[in-house]
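Student: Curious how this folds, go ahead:
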Amino acid sequence: MILFPKFSEEWKGQMSFVLGTYTVIHGLEAIIYEMNITEIAQVRLSYEEVFGKVRFPGIPPKSVLIIEINLLNCSEVKDENSILGLESTLSPTNNIQLAMDIKLKGNHAFQRGNYSHALNLYKKSLSFLSNTQEWSNEEDAYSKSVRVACLLNISK
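Tutor: The predicted structure follows:
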């Protein structure tokens, strides 16, 4: 068993995400889905559940990651067809940033050998780049580079 003090210090504090959006470790999402508000859970995940097939120097492949979760709040997403229900209210810059972040998570899932998860992430990323009619030429051009990268990754 290995504890990650460096990571735990960086990750201390609040984190928010939407269940079912593939933006957090699958094992954590499954546990959080079953938790009640204010409940505290200690989650033990295997190396492969966290990192997949990617190997990191200094971390033995039979390691166990231990994460403590305190569920502080929970709310419903208004638009079930969108990742956060916010695409139409976010600025183009925020949409592009979220699309890039999700694409990078897709890349990580792909590297771990979790291809279906990566595919879902690339599709979610594209959802942030679909409504570009009111974007500036610069924003539209930048979003196209992210869109092309996602589409190329989907085609693999």
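Student: For the helix or strand where residue 123 lies, buried residues please.
Tutor: According to DSSP states H and E, residue 123 maps onto helix 115-127. Neighbour-count burial for helix 115-127 flags 117-122, 124-127 (criterion: 16 or more other Cβ atoms under 10 Å). All C-beta atoms are positioned from the backbone trio N, CA, C, and that covers glycine.
Student: What is the nearest of those to residue 91?
Tutor: residue 127 (16.0 Å; Cβ to Cβ).
Student: Distance-wise, check that closest one relative to residue 107.
Tutor: Per Cβ to Cβ, to the nearest Å, residue 127 is found 17 Å from residue 107.
Student: Then residue 99?
Tutor: Residue 99 is 13 Å from residue 107, by Cβ to Cβ.
Student: which one of these two has more residues nearby?
Tutor: Using other Cβ atoms under 10 Å, the more surrounded residue of residue 99 and residue 107 is residue 99, with 25 against 16.
Student: Could you point out which of the buried residues of helix 115-127 is nearest to residue 147?
Tutor: Closest to residue 147, out of all of these and judged by Cβ to Cβ, is residue 126, at 6.3 Å.
Student: so who does the nearest residue to the closest one once chain neighbours are set aside touch?
Tutor: Leaving aside its sequence neighbours, residue 126 sits nearest to residue 150 (Cβ to Cβ, 6 or more residues apart in numbering; 5.3 Å). For residue 150, the contact set (Cβ atoms under 8 Å, 6 or more residues apart in numbering) comprises 99, 103, 106, 122-123, 125-126, 129.
Student: Which two among the residues you listed are spaced furthest apart?
Tutor: 106 and 129 (13.4 Å).
Student: what about these two, which has more around it?
Tutor: residue 106 (26 against 23).
Student: Need the nearest residue in space to that one, chain neighbours excluded.
Tutor: residue 121 (3.3 Å).
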